[in-house]
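Trainee: Attaching a predicted model along with its sequence, questions to come.
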Amino acid sequence: MVRKKKNKVKNVKRKITKLVESLKKKTKAVIKKRSKPLKEKSVKKVKKVSLPKPVIAKIKFKPDEEIKRVITEAKIETPVKEMQYYPKEPFQPVYEPKPQELPKGYNDNKIVAMSRDPWWIHVYWEITKEKLDLVRQNLGNKIDNSRCILRVYDVTSINFNGRNANSFFDIDITLGASNWYINVSRSDRFYCIDIGILTAEGEFIMLARSNVVSTPRETPSWITDEEWMILPSDFEKLYALSGGLKLGASPVGLKKLAKERLKMHLASGAISSLASPVRRQLPRERGFWLSVNTELIVYGATEPDAKVIVRNRPIKLNKDGSFSLRFALPEGRQAIPVKATSNDEKDSRTITPVVSKHTE
Amino acid sequence: MLKGYLCLVLHSHLPYVRHPEHEDFLEEDWLYEAITETYIPLIKVFNKLTEDKVDFRITMSLSPTLISMLQDELLQSRYIRHIEKLIELADKEVYRTTFLSEFHTLALMYHKRFIDARRIFVDVYKKDLINAFRNLQDAGRLEIITCGATHGYLPLMEVTRPSARAQVFVAAEHYKRVFGRSPKGIWLPECGYNPSDDEILREARIRYFFTDAHGILHGSPRPKYGVYAPIYCKSGVAAFGRDLESSKQVWSAEEGYPGDYYYREFYRDIGFDLEYEYVKPYIHKDGIRINTGIKYYRITGDTDCKEPYIPTRAQEKAAEHAGNFMFNREKQAEFLFDFMHKRPIIVAPYDAELFGHWWYEGPQWLDFLIRKIAYDQKAIRLITASEYLEQYPKNQVITPSMSSWGWKGYNEVWLEGSNDWIYRHLHKASEKMTELVNLYPDSNGLIRRALNQALRELLLAQSSDWAFIMKTKTVVGYAVRRTKDHMLRFTRLYDGIKSNSIDEAFLSDIEYKDNIFPDIDYRVHK
């Protein structure tokens, strides 16, 4: 607690020093902007004040938005007795005209790859018009019948230099798509992707090359280590247990188990604080419908300082002595005795409305 | 005889939602609801257990964004406004239900709960619930671990490693400031691990993390003990795998406990059910109906005709389910013990918000479970990951496989048609941030402020929640806006710094709005 208080005091102190500094700076800036002379003396006075409020008084003109804001901010950090739920004048975001959009591109020539799962890779790219024009120019009439492609290289266990890939395949794309999901179908491999133009003669002009990306394993590793040796049958058992799968009577093989495990992951749905794991019932398919409920309002007034009891429960009166209560009204006859007693307990009155509801 | 250990992990996180520029902001309710329905009920359970001298260990991750919100004065006072409104509504409900005895009992229950929540929040913890968690940690009951600074999803930062590093380092620093010690472990956001992320953890002196089951099971070489013993990455950082069997019993939409017909129905709230004018003061000020937290029905069954909730009946169910869960863990531990010839650790992580918010009886279930484990059996004991490591320091060295606990187990939730557009912007901003750090190995004054704020904006844009919301199609507009706003703010700062023309008014404005991590040092982004 003490540490917290100290911190708080420190915070406030720091805040104020910061505030004074920024006010000094801003005051100067404002002076320049408004070309209104402001004597150094008044700035010095600012230094002495402990709370930001008097600062407004010292600066003779209406403070600019940002000064107001800084002051409001400091107020929140300052312990105040009165509960303050929000800055009294909600701040107007004048510095960010909305809505703004993000740029379509960053004037880059690049392609970036990310693996989505053991079988799919996502790439996004950006190729500038200049780069494309240059390539087109160089190609001359070879550009006719050429195609835009993604060339997907398998670069597992090699130091890729552009020519030594284990294998590759091409995908026809439109440049304007700007991103693509590539089905590589193989887990536990490394890939590198070029974007480029393939001419009718089979010449490939690379526009950009991606980072190397790997797909995760979809089954257990085949590598075991000697120190931590485990029998294949035991591992299979353990794998099923770890994956929350029921053990079958006969061994089914790890591959199948891995598939089962994946299926379970599919059924479990996305997990996050912002999503409910509790199933929501889908609205029933039905035609026209109607529901009717009734509620009753009992209201009245008495002396503001009187005590009022409704159905044996004291109620709170409004400042003017009025009250209003609401009741869900079931079928049948209901009595609602309202009893008021004066503050000195000398006078007392009871009124009992009786209401009956009947649905046909 | 002791056969094994159960490691319960509660992951608590909410994205940073704080809008001082608006008087009333719908998404801030996520925090207020979680305080009333999850954090306070959990604190009550843990405190009562401590008071009753029940021995227990729970691992809890508190994301830095959540901690920052719980310690923010503006949000704290807004929570008080929120709970006071709820008390007022519950009071009206007590009258309104006078002639409906089943509902009347429930209205009284809510009224009492809300008043108690206010008391605990204001009187006991002086508006800062982190005090409660810190006390429980200092008492040796909770092990609080950290998370990504803003819950950024690390596997999709493979091409921007400095950002992954910043997520971890900012979080670790923040933890030290809040809890006065270093975090022993980390909950990787969305349980997302990519090989070599552990190098960053080692550098930040974090000793362990958790992965989903297949992170370990598909690791190489083969894990001798499956997910029932930790492994060491080559960096020396330990990894614990999630046990799917215990997860499924709680999480599963089909067979999980929370779907029991006697438990409270989440989707029938008076904010939607009651007459408009009556609830109007308690819903969104633009008149949008929202959940108030007052719910009168039980799940009942696969029907629209819901029956009133009966708390005592639900409590019996929670006790029954706790017993069932414990029994299954005992059997599991006994089997594994014979199989492994050592005591297994069964790791059962859940989102904390499941307990109380989604699953109303969750905190009760946890209470029953902990007490039963302490008194009703001898086969299992609760443990934290770090305690297990102390007992079993010798473990196999394995490189875990890339994995997450999201749908399908990899990156697809955060990388699909609805949200893949964000990465070109996030990656670009990350590159620019690295460029700025290299340009300004040291700085002060206005430039330093701008650089620090640039990192705050980048981190805030990286919250995995935005991509998640885009995918699940809940409040898509908000998630898109947040991503764009932080990116635009970042770009404007970057341009200002590069052209030596920082707009101080603009900077002050966003320092005020995005005020997270006051002590951030932009140089961690490298």
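Mentor: Received it, and whenever you're ready, just let me know what you need. Numbering: from 1, shown residues only, chains lettered A, B, ... in the order given.

Trainee: When you work out contacts or count neighbours from here on, use the C-alpha atoms and nothing else.
Mentor: OK.

Trainee: Kindly export whichever strand or helix holds residue A:123 (C-alpha atoms) in PDB.
Mentor: Assigned by DSSP states H and E, residue A:123 belongs to strand A:120-126. Extracted as PDB, the C-alpha positions of strand A:120-126 are listed here (Å, rounded to 0.1, in the frame of the first residue of the first chain):
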ATOM      1  CA  TRP A 120      -1.300 -24.800 -47.100                       C
ATOM      2  CA  ILE A 121       0.900 -21.700 -47.600                       C
ATOM      3  CA  HIS A 122      -0.400 -18.200 -47.800                       C
ATOM      4  CA  VAL A 123       1.500 -15.600 -49.900                       C
ATOM      5  CA  TYR A 124       0.900 -11.900 -50.400                       C
ATOM      6  CA  TRP A 125       2.800  -9.700 -52.700                       C
ATOM      7  CA  GLU A 126       3.200  -6.200 -54.100                       C
END
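
Trainee: what about that strand, near chain B?
Mentor: Yes. Remark: strand A:120-126 sits within contact range of chain B at residue A:124, by CA under 8 Å from any CA of the partner chain.

Trainee: Sheet partners, orientation included, of that strand?
Mentor: Neighbouring strands of strand A:120-126 in its sheet, by DSSP bridges, are strand A:110-115 (antiparallel), strand A:179-183 (antiparallel).

Trainee: Nearest to residue B:32, out of the ones you listed?
Mentor: Across these, the minimum distance to residue B:32, taken as CA to CA, is reached by strand A:110-115, at 36.4 Å.

Trainee: For the stretch 151-300 of chain A, which segments count as helices?
Mentor: Assigned helices in the stretch 151-300 of chain A, in chain order: A:232-242, A:254-268 (criterion: DSSP state H, counting those that start in this stretch).

Trainee: which parts of the stretch 251-400 of chain B sit against chain A?
Mentor: B:251-254, B:258-259, B:267, B:302, B:304, B:351-354, B:358-359, B:396.

Trainee: Select from those residues every entry located in strands.
Mentor: residue B:351 (DSSP state E).

Trainee: Helix, strand, or coil at residue B:417?
Mentor: Under DSSP: H, G, I helix; E, B strand; the rest coil, residue B:417 falls in the coil class.

Trainee: how about it, phi and psi?
Mentor: Here the main-chain torsion angles of residue B:417 (degrees, to the nearest 10) amount to phi -50, psi -40.

Trainee: hang on, residue B:278 in a strand?
Mentor: No. Secondary structure assignment (three-state DSSP) places residue B:278 in helix, not in a strand.

Trainee: what does the stretch 1-150 of chain B have sitting close to chain A?
Mentor: For the stretch 1-150 of chain B, the residues found near chain A under the criterion CA under 8 Å from any CA are B:12-14, B:20-23, B:73-74, B:77-78, B:81, B:92, B:95-100.

Trainee: ChimeraX command to pick out the buried ones of the residues you listed?
Mentor: With 16 or more other CA atoms under 10 Å in any protein chain shown as the burial test, the buried ones among the residues of the stretch 1-150 of chain B next to chain A are selected in ChimeraX as follows:
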select /B:12,13,14,20,21,73,74,77,78,92,95,96,97,98,99
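
Trainee: the bottom helix or strand of the chain by mean pLDDT?
Mentor: All of this is about chain A. Ranked by mean pLDDT, DSSP states H and E, the weakest helix or strand in chain A is helix A:53-58, scoring a mean of 36.

Trainee: you looked at the wrong chain, it should be chain B
Mentor: helix B:244-251 (a mean of 86).

Trainee: one step back: can you tell me which of the helices of the stretch 151-300 of chain A the model trusts least?
Mentor: Ranked by mean pLDDT, those end with helix A:254-268 in last place, scoring a mean of 61.

Trainee: still on that earlier bit, so which of the strands paired with strand A:120-126 gets nearest residue B:113?
Mentor: In this view, these are compared for proximity to residue B:113 by CA to CA, and strand A:110-115 is the closest at 47.3 Å.

Trainee: so how far is residue B:24 from residue B:269?
Mentor: In this view, residue B:269 and residue B:24 are 21 Å apart by CA to CA, to the nearest Å.
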